[in-house]
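Asker: any chance you can model this:
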Amino acid sequence: MSRAARSLLPPLALLAIVIGAWEAYADSGATSSFVLPAPHSVAASLWDNAGFIAGNLGPTAEEIVLGIALALALGFALAVLIHFSGVLRRAVYPLAVGSQAVPVAVIAPLLVFWWGFGVLPKLAVVVLICFFPVLVTTVDGLARIERDQLKLLRTLDASRWQAFRFAELPAALPAAISGARIALAVGVIGAYIAESQTVTSGAHAGLGHEINADLTALQTPRAYAAALVLFALAIACFYALTLAERALAPWASRPGGETP
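Answerer: This next block holds a predicted model:
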């Protein structure tokens, strides 16, 4: 058996146990199918509504991918500015922390008023939710550079920009990508919240809108099927970031090439 196959066995075994327990609990009659549909009902709904769910997956995937990319760019840029300026650190950091406590429902109408009913308000919500982990991890990564390395660069008459480019930036890049992984964990939920809190219309308005509409209409199996697709999308994006880290920062690869 190949190493890749062996690495898949534990999560697949755990997934089988969870699905088996879920099926047994749903079939026991302890709860209504409108509250918790059985896995076989969810699978059947996913098969029967594959086209409809796939159509809604596109807008949500776009929001997640673009939102994470923008959050990575914003968080990294702010982290670099904070790293170079103590004044900006004192000014920006408290506001960045406070931004995470702003309820989306409060600002959603304003975002729609500014940018209409398209993708921009949803992207703004995803970026607002996701940029903070990138900011924090990148600031920490920039601060963890070895002092001896900086002293060596100064001895070699390296400029401040050269020290950043050849020492601090390579040290911070893996941290920024790790922050993007954390952001991704909330980015999927961020897209759901964005689609729930902003006015959306159309046949393919996104999985978040579909899930809310299905729950309201008591189409619970289809809502769970859409949530299952979000679950798979999050896993795919997470490992895509892992591959990106290997390409962008190969020096930060884990021993033995293992991934979480």
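Asker: name the element Arg89 belongs to?
Answerer: With secondary structure defined by DSSP states H and E, Arg89 is part of helix 86-99.
Asker: ok, the closest residue to Glu195 other than its chain neighbours - how many residues close by?
Answerer: Nearest in space to Glu195, with sequence neighbours left out and distances taken as C-beta to C-beta, 6 or more residues apart in numbering, is Gly208 at 3.1 Å. Placement of C-beta: from N, CA and C, glycine included. Each residue near Gly208 was counted by other C-beta atoms under 10 Å, and the total is 28.
Asker: that older thread, ok now the helix or strand following the helix holding Arg89, how far from the chain's centre?
Answerer: Proceeding C-terminally, helix 86-99 gives way to helix 104-115 as the next helix or strand, assigned by DSSP H and E. Taking C-alpha atoms, centre = their mean, to the nearest Å, one finds the center of helix 104-115 at 21 Å from the center of the full chain.
Asker: which strands and helices sit next to helix 104-115?
Answerer: helix 120-143, helix 169-197 (3 or more C-beta pairs under 8 Å, 6 or more residues apart in numbering; DSSP states H and E).
Asker: can you redo those helices as CSV with mean neighbour count, distance to Ser85 and mean pLDDT?
Answerer: Compiled in CSV, the helices and strands packed on helix 104-115 are given as follows (neighbours: other C-beta atoms under 10 Å; distance: least, C-beta to C-beta, whole Å; pLDDT from 0 to 100):
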stretch, mean neighbour count, distance to Ser85, mean pLDDT
helix 120-143, 23, 12, 85
helix 169-197, 22, 16, 80
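Asker: now the ones you listed as a markdown table including distance to Val104?
Answerer: Rendered in a markdown table, the data for these read as follows (distance: least, C-beta to C-beta, whole Å):
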| stretch | distance to Val104 |
| --- | --- |
| helix 120-143 | 6 |
| helix 169-197 | 5 |
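Asker: Thr31: which of these is closest?
Answerer: Between Thr31 and these, the tightest spacing by C-beta to C-beta is seen for helix 169-197, at 23.0 Å.
Asker: circling back to that earlier point, can you list contacts of the helix holding Arg89?
Answerer: The contact list for helix 86-99, computed with C-beta atoms under 8 Å, 6 or more residues apart in numbering, reads 78, 81-83, 128, 131-132, 135.
Asker: can you tell me how far Val65 is from Ser178?
Answerer: Here Val65 is placed at a distance of 18 Å from Ser178 (C-beta to C-beta, to the nearest Å).
Asker: skipping its backbone neighbours, what lies nearest Ala227 in space?
Answerer: Ile211 (6.2 Å).
Asker: so what's the residue count around that neighbour?
Answerer: By the criterion of other C-beta under 10 Å, Ile211 has 25 neighbours.
Asker: element containing it?
Answerer: In this structure, Ile211 sits in helix 207-216 according to DSSP H and E.
Asker: Thr60 too?
Answerer: Assigned by DSSP H and E, Thr60 belongs to helix 50-84.
Asker: off-centre distance for that helix?
Answerer: Counting by C-alpha atoms, centre = their mean, helix 50-84 is centred 7 Å from the centre of its parent chain.
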